[in-house]
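[1] prediction below, plus the sequence it came from.
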Amino acid sequence: MRRFLQPILAAIAGLCLGLAVTWIAGENPWHVFNILWLGAFGSPYDFGMTLFYATPLVFTGLSVAIAFHAGLFNIGAEGQLTLGALAAAAVGGLWPGCPSVVAPLIAAAAAVLAGMFWGAIPGWLRARRGSHEVINTIMLNFIAAGLSSYVTLYLLKNPETQNPETRGIGASYLIHQFALFGGAPVSLALPLAFIAAFCVWFFLAKTTWGFELRAVGESEAAARAAGISAANVRIVALSLAGALAGLVGVAEVLGNAGRFKVGFSPEYGFIGIAVALLARNHPFGILVAALLFGALHKGATALDLETEHVTRDLSLILQSLILLSVCAEGLWSWMARKQK
Amino acid sequence: MGITGSFPAIELRNLAKRFGSCIANDGVSLCVERGSIHGVVGENGAGKSTAMKMLYGIYRPDAGQILLSGKECSWSSPADAIVAGIGMVHQHFMLAGPHSALDNILLGAEPTRLGFINRAEARRRLNALSEQNGLYVEWDQAVEALPVGIQQQIEILKLLYRNANILIFDEPTAVLTPQETTALFQNLVCLREQGKTILLITHKLKEVMAITDRVTVFRGGKVTGETETSRTNPQELANLMVGRKVLLKVDVPDAKPLPKIAIEVKHLNLTGPRGSRHKLSDVSFCVKQGEIVGVAGVEGNGQTELMQALLHPGDFNCRSSGSVSLLGNDVTTWPAGKIRRLGVAVIPENRHEEGLLLNRVLEENFVLGMQRYPEFSCAGLLNSRNIRASATRAIQENEVRPTELTIPAVKLSGGNQQKLIFAREFHRNPNIVIAAQPTRGVDVGAIELIHKRIVRARDEDAGVLLISAELDEILALSDRILVMFEGKIVAEFHRGKVDEVTLGLKMSGS
């Protein structure tokens, strides 16, 4: 019970603390909360935008979580999703005439493979060379950013605009958008996020690979003594993490923009770490946590216009405070002791 | 004796302590006379260390009183207890390896002059102390370069330097050779003659009989017996500890080894980091099917490395040169998973690190390493029903308590954790058993079961390699005994052809 309660209480505590900050800044916290709430859930369009932001966070949250289960810290989801999106856009841009039935599948496969490749590199380096994945994934983020800019500007540049984006993908690649949300770009990527969460849960809980992955994450020494190859497990874990992050490319390129725009991601990869932490790395918890962070992101955009003293950056403050309260393990156990 | 003479040095009255829902101590009363050696025995989790930790100020009792020389005491930290004259030698020494013996003793109680450490003064006092107690330590040596027996003497000097009158020893002989143990006991007797009061926490009944004046037995958080040592015997103590009649010595019938060789190791070498020291040098031996070969030796003489080399021969951190064959297959380049599939059961020496996933439930710990057996998974999907059924059966057969599959392994006592590992490893019907320190930190009742299980595996024609620092265990179970010293095999004996003294000498390299 406490497993579920604690993150929820932490989120509420963080939210309250954040609103208290707005009070210090000279705003009415209740007013700010209302703006956030209406901004995130006020209309079908607003709710749609919340879902739109939440979808990539599910993928990156799962990406970080699956690595966490193997005892690895994937800070590279940002780079993996960048390359995933770029790969999807490249396939769609270079072969616009692809038949419509298989087109999205091919582009999605490209996104997944690109992300997987970008995750496999630090996995391989960790497994075979022992160099730490935190450093390598951070460095690969920069390489991915540089690489994607280069490809966008020099190889796949959209001739019709000054913006740093690739040419549009063929119409057959675009996936269905739901009409319910007043024009918000909620696409088939949303059900895909649910499916991904279920698959990750199934993989971790029900398969031998998932079992071995968790065993390595829990204790490498015990897994090694039991005959499990920690090296292979690490490569698989980070490859899967990369593949999940690559799925962001499906949501963004096939479900929304129809092209790769440099800097499209408001740091989905890093917020994914927060999502995974809040959800305690549980795939279904990630669905909820991603919705919360998506709502914060969407709700906060309205703050620029509607308040005098706070801007949309408040969402960052809220995210940080929620995370701090989740991570305040010491405080929680102290409170648990006091209860006794 | 003075005014305090009529009071016992230590009196615990109805101490109680609970952790959450677990009652660690329930009305513990204990009386220790001044100038005596008092044994405290009990199985793991019986509450003996909890009681000692309350005496030493690490825990606060929920109820009850602690009296020193008839005066009630209440302290909030070990610092208060130290001031009151209580000292503790922990099982794992609290020493800073690279620093000199002298500095280790002074640490936290440095005599100062004008703000500088006055080492000359300390040296004078310590020389007097060591003279008086027959403890000879080279003050300026780095502690890590000294033998374990000497490190323990440093710990004792640390206490004497702080004027401790009551010394608590927590399993002091676990890391010593028989010779070092004898030396320690001489020191203890010498301390007793000076009027010090000594509490000896141990699970080795032989030691209790050899040195203590009185003994208290703990079981399930309660004191189940207190008696003069001369009026009791090991069997009675063991029965009090376990609460039923136990077999102290498992009956081992003669081995009928098959001609087939289970484990064959040839010229195994392992060079230490930076080529410094050979951790294994030219180790060669074989184990036939249907025999138990014991490896005796003081810990840290290559046993850990030998075990790793058998399990991970392909890893160059575990083996520099040499070859390993199991059941006639040259496995030198095989990964551990493939080796395990030959039917190799492993009881690792450090069950918390290598044996169990502590935060995972029993069921998952049971299947660990067997998750790909057709019995437990098909096409990559785990068969939860079979896992649960087999785990339930194995846990019952091996008497693991509690039996719920959904509690994490960390909640089990040491003996039950070990029984869980045995349940898992013997589920494969092993052809080879490699067991390291199988009864370390395991209670008397579980030892009986574990020894029986090992002998049964032998009688079912498995080749057993038993690595243990417990000489009794080696002598009782092994059909052949190898002695390791500084990474070499220095002697080999057959069952019944060697006694403890000879083994001990070989273990210390002479």
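    Yep, that arrived.

[2] every contact and neighbour count from this point should use C-alpha atoms.
    OK.

[3] how many residues are close by the residue nearest to A:M49 when sequence neighbours are not counted?
    If the residues on either side of it in the chain are set aside, A:M49 comes closest to A:A184, at 5.6 Å by C-alpha to C-alpha, 6 or more residues apart in numbering or on different chains. Neighbour count of A:A184, defined by other C-alpha atoms under 10 Å in any protein chain shown: 20.

[4] swap in B:K288?
    24.

[5] hang on, it packs against B:K256?
    No - using C-alpha atoms under 8 Å, B:K288 is not in contact with B:K256; the gap is 9.9 Å.

[6] overlap in contacts, these two.
    Here B:K288 and B:K256 have no joint contacts, going by C-alpha atoms under 8 Å, 6 or more residues apart in numbering or on different chains.

[7] in stretch A:244-262, what counts as buried?
    A:244-262 (16 or more other C-alpha atoms under 10 Å in any protein chain shown).

[8] also within reach of chain B: list those from the residues you listed.
    Contacts with chain B within these, counted by C-alpha under 8 Å from any C-alpha of the partner chain: none were found.

[9] and the residue nearest to A:H132 when sequence neighbours are not counted, which of the three is it?
    Nearest residue to A:H132, sequence neighbours excluded (C-alpha to C-alpha, 6+ apart): A:R126, at 5.7 Å. On the three-state scheme (DSSP: H, G, I helix; E, B strand; the rest coil), A:R126 is labelled helix.

[10] now swap in B:G64 and tell me
    strand.

[11] now for it, how many residues are close by?
    B:G64: 15 neighbours (other C-alpha under 10 Å).

[12] quick one, what contacts it?
    Applying C-alpha under 8 Å, 6+ apart, the residues near B:G64 are B:12-16, B:27.

[13] against B:R219, how distant is it?
    Per C-alpha to C-alpha, to the nearest Å, B:G64 is found 18 Å from B:R219.

[14] show me what from the stretch 301-450 of chain B comes close to chain A.
    B:311, B:335-340, B:346, B:348, B:353-357, B:359, B:368-369, B:371-372, B:377, B:380-382.

[15] average pLDDT across the helix or strand hosting A:G61?
    Using DSSP states H and E, A:G61 sits in helix A:44-69. For helix A:44-69, mean pLDDT rounds to 94.

[16] and the next helix or strand past that helix?
    Following helix A:44-69 in sequence, per DSSP H and E, is helix A:77-94.

[17] packing partners for that following helix?
    helix A:44-69, helix A:103-124, helix A:133-150, helix A:230-246, helix A:248-249, helix A:268-278 (3 or more C-alpha pairs under 8 Å, 6 or more residues apart in numbering or on different chains; DSSP states H and E).

[18] for the longest one, packing partners?
    Which is helix A:44-69. With contacts defined as 3+ C-alpha pairs under 8 Å, 6+ apart, helix A:44-69 has these neighbours: helix A:29-41, helix A:77-94, helix A:189-206, helix A:208-218, helix A:230-246, helix A:248-249, helix A:268-278, helix A:283-301.

[19] report the angle between it and helix A:268-278.
    The directions of helix A:44-69 and helix A:268-278 differ by 70 degrees, with axes from the mean of the first three to the mean of the last three C-alpha atoms, to 10 degrees as the criterion.

[20] residues from chain B in reach of chain A?
    B:20, B:311, B:335-340, B:346, B:348, B:353-357, B:359, B:368-369, B:371-372, B:377, B:380-382.

[21] residue of the stretch 1-150 of chain A nearest chain B, please.
    Closest contact between the stretch 1-150 of chain A and chain B, by C-alpha to the nearest C-alpha, is at A:R128 (12.1 Å).

[22] my guess is that residue meets A:A231, correct?
    Yes - at 6.8 Å, A:R128 and A:A231 qualify as touching, with contact defined as C-alpha under 8 Å.

[23] centroid-nearest residue for the chain?
    Using chain A here. A:T60 (2.5 Å; C-alpha atoms, centre = their mean).

[24] can you look at chain B instead?
    Central residue of chain B (C-alpha atoms, centre = their mean): B:R440, 4.2 Å from the mean position.

[25] how close does it get to B:K419?
    For B:R440 relative to B:K419 (C-alpha to C-alpha), the value is 12 Å.

[26] same question for B:G134.
    42 Å.

[27] go on, B:L311?
    B:L311 is 21 Å from B:K419, by C-alpha to C-alpha.

[28] cool, B:K206 as well?
    In terms of C-alpha to C-alpha, B:K206 sits 24 Å off from B:K419.

[29] repeat that for B:T177.
    27 Å.

[30] the two: which has the busier surroundings?
    B:K419 (26 against 23).

[31] OK, contacts around that one?
    Here B:K419 is in contact with B:398-400, B:446, B:450 (criterion: C-alpha under 8 Å, 6+ apart).

[32] which SS state does it fall under?
    helix.

[33] state the distance from it to chain A.
    16 Å (C-alpha to the nearest C-alpha, to the nearest Å).

[34] looking at the stretch 201-350 of chain B, what residue ends up closest to chain A?
    For the stretch 201-350 of chain B, C-alpha to the nearest C-alpha, closest residue to chain A: B:G337, 3.7 Å.
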